[in-house]
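Chemist: Return atomic coordinates for the entry below.
(one chain, ligands or ions: 1)
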Amino acid sequence: MESIDVFVVLLAICGLGGLLPASIASKKGHSFGPWWIYGSVLFLIALIHALVLGQARRCPHCAEGIRQEAKVCPHCQRDLPAMQPSLVAS
Ligand SMILES: [Zn+2]
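Modeler: Next comes the predicted model:
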């Protein structure tokens with residue numbers, strides 16, 4: 001019984017720890033769910049990764065995540081507008 005309790009407590013701590021990198025990543029426009037799992041499993045690595053992560057950019061046509069420097073969307077092949085100055089500055 002006791003080992004199950006310890007397991008549940010550890011799981012809860014990992015789950016709560018995963019919220020931190022997940023919230024940082026989601027503020028930068030990345031999806032919360034996968035980052036929560038990532039943060040729960042590899043807290044320290046995910047936290048550092050979330051902190052150095054760039055702002056996510058989305059295609060205005062198909063809303064798929066794309067690279068900052070992309071000029072053509074790899075998902076829908078449409079031309080993308082030039083990057084907004086606010087994104088370039090940060
Ligand atoms: Zn697209």
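Chemist: lowest-confidence helix or strand of the chain?
Modeler: For the chain, counting by mean pLDDT, DSSP states H and E, helix 85-89 ranks last in confidence among helices and strands (a mean of 50).
Chemist: Now do the helices in the protein.
Modeler: 2-27, 32-41, 43-52, 85-89 (DSSP state H).
Chemist: between these, which one is nearest to R67?
Modeler: Closest approach to R67 among the helices of the chain is made by helix 85-89 (12.1 Å; C-beta to C-beta). To be clear about C-beta, it is placed using only N, CA and C from the backbone, and glycine gets the same treatment.
Chemist: For the protein, what lies in contact range of the ion?
Modeler: Proximity of the chain to the ion is confined to 59, 61-62, 73, 75-76 under the rule C-beta under 5 Å from the ion.
Chemist: Would you point to the one among the helices of the chain that's packed deepest?
Modeler: Mean neighbour count (mean count of other C-beta atoms under 10 Å) peaks for helix 32-41 among the helices of the chain, with a mean of 17.
Chemist: tell me the contacts of the closest residue to G33 other than its chain neighbours?
Modeler: Among residues not flanking G33 along the chain, A22 sits closest, at 7.9 Å (C-beta to C-beta, 6 or more residues apart in numbering). With contact set as C-beta atoms under 8 Å, 6 or more residues apart in numbering, A22 has these partners: 32-33, 35-36, 38-39, 50.
Chemist: hmm, 6 Å instead?
Modeler: Neighbour list for A22: 32, 35-36, 39 [criterion: C-beta atoms under 6 Å, 6 or more residues apart in numbering].
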